[in-house]
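>>> Kindly generate the corresponding structure for this input.
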Amino acid sequence: MAEATVDLLTPTELEAIRVELQSEAERLRSDLSDSATDIAELLSDSGDGSGDDIADAGSKTFEREQELYVAEQVRESLRQVERALGRIADGTYGMCETCGLPIGKLRLEAFPRATQCMSCKIAQGG
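Coordinates of the predicted model:
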């Protein structure tokens, strides 16, 4: 059985992905800052709760939990972007962290934060 060939990124394509990832990292840092401000406001609004009925208190708790969840998702995305940028810097970007084979241009263009080739991602259950 013949092995499938994998198209690799050219230096120009890699640079374009690096620029895209840097831009995404800046946007995520801004989102995280905005989220921190929103969380701080929600926490200060929770204050002593005087005058709130049970529904108001429940709504505020839900909003706080939702905002904390969103902030955690943004933090995780930023971690993945920074990891991809680190891999570009150290020359390991585009190599599967599981099997060591190239990830492939199409996958990296579709999902620049990818750390696994499609075979390993599917085998992992993803």
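
>>> Model confidence score at residue 54, please.
pLDDT for residue 54: 76.

>>> what about it, how many neighbours?
When neighbours are counted by other Cβ atoms under 10 Å, residue 54 registers 7. (C-beta placed from N, C-alpha, C; glycine too.)

>>> buried stuff in stretch 90-106?
Within stretch 90-106, the residues that count as buried by 16 or more other Cβ atoms under 10 Å are 93, 94, 95, 96, 102, 103, 104, 105.

>>> how distant is that stretch from the center of its chain?
18 Å (Cα atoms, centre = their mean, to the nearest Å).

>>> ends of it, how far apart?
21 Å (Cα to Cα, to the nearest Å).

>>> on that earlier part again, would you turn the buried residues of stretch 90-106 into CSV with secondary structure?
Below are those laid out as CSV (DSSP: H, G, I helix; E, B strand; the rest coil):
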residue, secondary structure
93, coil
94, coil
95, strand
96, coil
102, strand
103, coil
104, coil
105, helix
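
>>> between these, which is closest to residue 119?
Lowest distance from residue 119 to the buried residues of stretch 90-106 (Cβ to Cβ) belongs to residue 96, with 8.2 Å.

>>> Ramachandran angles for that closest one?
With angles defined as degrees, to the nearest 10, residue 96 sits at phi -70, psi 130.

>>> Look at it and report its pLDDT.
96.

>>> What separation is there between the nearest residue to it once chain neighbours are set aside and residue 107?
Counting by Cβ to Cβ, 6 or more residues apart in numbering, residue 96 lies nearest to residue 117, which is 4.1 Å off, once chain neighbours are set aside. Note on residue 117: its distance to residue 107, by Cβ to Cβ, to the nearest Å, is 7 Å.
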